[in-house]
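[1] following is a predicted model, sequence given first.
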Amino acid sequence: MSGATAPAGLLEGVLASINLGAVVLDGAHRVALWNDWMRRHAGAPAAGVLGRDLFELYPALRGQRVHSAVEQALRNGFGSLLSQSLNKAPFPLFADAQAAARGERLQQAVEITPLALAGAGRHCLIQISDVSVAVARERLLREQAMVLRSQTFADGLTGIANRRHFDVAMEREQRRAKRGGSALSLLMIDIDNFKSYNDHYGHQQGDQCLIQVAAALAAVLKRPCDLMARYGGEEFAMILPDTDAAQAVLMAEGVRLRTIELAIAHVPGMHREACVTVSVGIATQPAGAALDAAALIGAADRALYLAKRCGRNRVESQPPL
Ligand SMILES: Nc1nc2c(ncn2[C@@H]2O[C@H](COP(=O)(O)OP(=O)(O)OP(=O)(O)O)[C@@H](O)[C@H]2O)c(=O)[nH]1
């Protein structure tokens, strides 16, 4: 052992300087130590709290995780680390007076450790660290992840679900329909003679037309479980869970009429109607049938092809094979 002795006041200096709240309680929850960090963030000088029961100072802590962890430490000698996700800010501690006025507490990580002090019975040490920066960073990362996730599932031009989203939703709804023995319908929707529209008005106006049609068709859907996606260039798809063949025809007719209502002028002479129209192919998996997604998509594609062959601006159905 070296003979070096600590300078006087070393412990007090350390306690006053550490970037951490340090509180010591005796066996009756009375505050035996309250460091300078606590004075700054709780707005309470040590003199006002020493000797007082912590749970009288902060009655809101009674019955909470901090309370039971203190009891555990004092009665059983077990320490606890309170999970930040469950105990975001148990103590009324604030970065500064403005944050206190706004009621914005520091995010806290709290550790409670039993202390065996010779001749003084069991005490416990509560250490509180400010984890606000880490929590804010975590929240930002989570938000960014959500934005990225929504971007990977949204079509860049129209903002509706993209093909990847469609594929995932189709598999999910197919499984759900099989499990629940319910019907599932799929509509394939294609803008008629869109090549002429693009060639005549230009690609930019073509894009505007796609945006308008996508928004109008998405508004036809009323139930949260329905999904409208951009399937390819000028082709859209609608997944309609719990929808039988007759209901699917009604939806498809709604889609066709809604497009006409937009009254977007088509190229004179290149299209039978004066305005932009769509053809719709329908396929339905009847309640109780066990099909796969490819069979339903294949049938809706055939139905769409039939609608095009029969003159466009119409609705056709085909049975899945
Ligand atoms: N402006 C624009 N045009 C697109 C986009 N994606 C696909 N297209 C165009 O959509 C047109 C599709 O043409 P076709 O597949 O020949 O079909 P169509 O002219 O609509 O004829 P039918 O489907 O038989 O009625 C092509 O001219 C593509 O260039 C897009 O994102 N923006």
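    Received the coordinates, thanks.

[2] what residues of stretch 201-210 count as buried?
    Going by neighbour count (16 or more other CB atoms under 10 Å), the buried part of stretch 201-210 is 201, 206, 209-210. In this view, the C-beta of every residue, glycine as well, is placed from N, C-alpha and C.

[3] same question for stretch 254-268.
    Buried-residue list, stretch 254-268, by 16+ other CB under 10 Å: 255-256, 259, 264, 266.

[4] kindly report the same for stretch 39-56.
    Neighbour-count burial for stretch 39-56, counted by 16+ other CB under 10 Å, picks out 39, 41-42, 44, 49, 54-55.

[5] next one: stretch 72-79
    Those would be 72-74, for stretch 72-79 by 16+ other CB under 10 Å.

[6] out of the residues you listed, flag the one nearest to residue 311.
    Of all the buried residues of stretch 72-79, residue 311 sits closest to residue 72, with 78.5 Å by CB to CB.

[7] for the ligand, what's its nearest residue on the stretch 1-150 of the chain.
    Closest to the ligand within the stretch 1-150 of the chain is residue 150: 20.0 Å, counting by CB to the nearest ligand atom.

[8] isn't there a helix covering that residue?
    Yes: counting by DSSP: H, G, I helix; E, B strand; the rest coil, residue 150 is found in a helix.

[9] pLDDT value on it, please?
    Note on residue 150: pLDDT of 76.

[10] if we can go back for a sec, so which of the buried residues of stretch 254-268 comes closest to the ligand?
    Closest to the ligand, out of all of the buried residues of stretch 254-268 and judged by CB to the nearest ligand atom, is residue 266, at 10.7 Å.

[11] is it true that that closest one touches residue 275?
    Yes: with contact defined as CB atoms under 8 Å, residue 266 counts as touching residue 275 (5.7 Å).

[12] buried ones in stretch 287-306?
    For stretch 287-306, by 16+ other CB under 10 Å, it's 291, 293, 295-305.

[13] thought residue 164 was touching residue 155?
    No: applying CB under 8 Å as the test, residue 164 and residue 155 come out as separate, 9.6 Å apart.

[14] helices - which of the buried residues of stretch 254-268 land there?
    Cross-referencing these against helices under DSSP state H gives 255-256, 259.

[15] give me the most central residue, this protein.
    Centroid-nearest residue in the chain, with CA atoms, centre = their mean: residue 146, separated by 6.0 Å.
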